[in-house]
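**Student:** Any chance you can model this:
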Amino acid sequence: MRPNRSHTLVLHNLLNITEQGVEPLSFEEFYEDIYIEACKFGPVRSMIVCENGNHLKGNVYLYYEREHDAQRARDNFNTRWYDERPLYCDLTHIEDFREAICRKHDVKSCERGNECNFMHVRRPSTKLRIDLEKAQAKKWQST
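**Tutor:** Coordinates of the predicted model:
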């Protein structure tokens, strides 16, 4: 069941990882591109990119400060294309990413691999994440 209201949005299979692990854009470029686009609808508190399993692989989760911003982003993203593919997104029940992330993957010891039902998060560099968060804070302070 999909919620009618939520702070969190999931963009399904957005990161296109081929069988060889090759991506059209570097991950850093991808992350920056999506983050900047997502911030157009409101302040983003968190962005998670999954890299495991068939059901989570390539999913991007965006947690917005306000529910109506997540709804606006969903409505906009569902009419767009990225990397020559249509975007599909929904609101989701996930409110606390800490409970959804595989802690074993973070220490490279998840024995379930692609069968794990918890998020295997692919993270950008700390510098990129901090730079994006600072730019977003500046943008939303001035509006």
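**Student:** wait, residue 87 sits on residue 9?
**Tutor:** No - with contact defined as C-beta atoms under 8 Å, residue 87 does not count as touching residue 9 (10.8 Å). Where C-beta positions appear, they are placed from N, C-alpha and C, glycine not excepted.
**Student:** Name the residues contacting each of those two.
**Tutor:** Common contact partners of residue 87 and residue 9 (C-beta atoms under 8 Å, 6 or more residues apart in numbering): residue 77.
**Student:** More neighbours: the two, which one.
**Tutor:** Between residue 87 and residue 9, counted using other C-beta atoms under 10 Å, residue 9 has the larger neighbour count: 25 against 18.
**Student:** Assign the more buried one to helix, strand or coil.
**Tutor:** strand (DSSP: H, G, I helix; E, B strand; the rest coil).
**Student:** And the pLDDT at the residue sitting nearest the centre point of the chain?
**Tutor:** Centroid-nearest residue in the chain, with C-alpha atoms, centre = their mean: residue 60, separated by 2.6 Å. Residue 60 is assigned 95 on the pLDDT scale.
**Student:** Need the residues that contact the helix or strand of the chain with the lowest mean pLDDT.
**Tutor:** The weakest-scoring helix or strand in the chain, judged by mean pLDDT, DSSP states H and E, is helix 53-56 (a mean of 74). Here helix 53-56 makes contact (C-beta under 8 Å, 6+ apart) with 50, 114-117, 119-120.
**Student:** Dump that helix to CSV, restricted to CA.
**Tutor:** Listed in CSV are the C-alpha atoms of helix 53-56, where the atom choice follows Å, rounded to 0.1, in the frame of the first residue of the first chain:
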residue,chain,number,x,y,z
GLY,A,53,19.2,-6.6,-5.1
ASN,A,54,16.8,-6.5,-7.9
HIS,A,55,14.0,-4.8,-5.9
LEU,A,56,16.2,-2.0,-4.4
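**Student:** Distance from it to the middle of the chain?
**Tutor:** Chain-centre distance of helix 53-56: 14 Å, with C-alpha atoms, centre = their mean, to the nearest Å.
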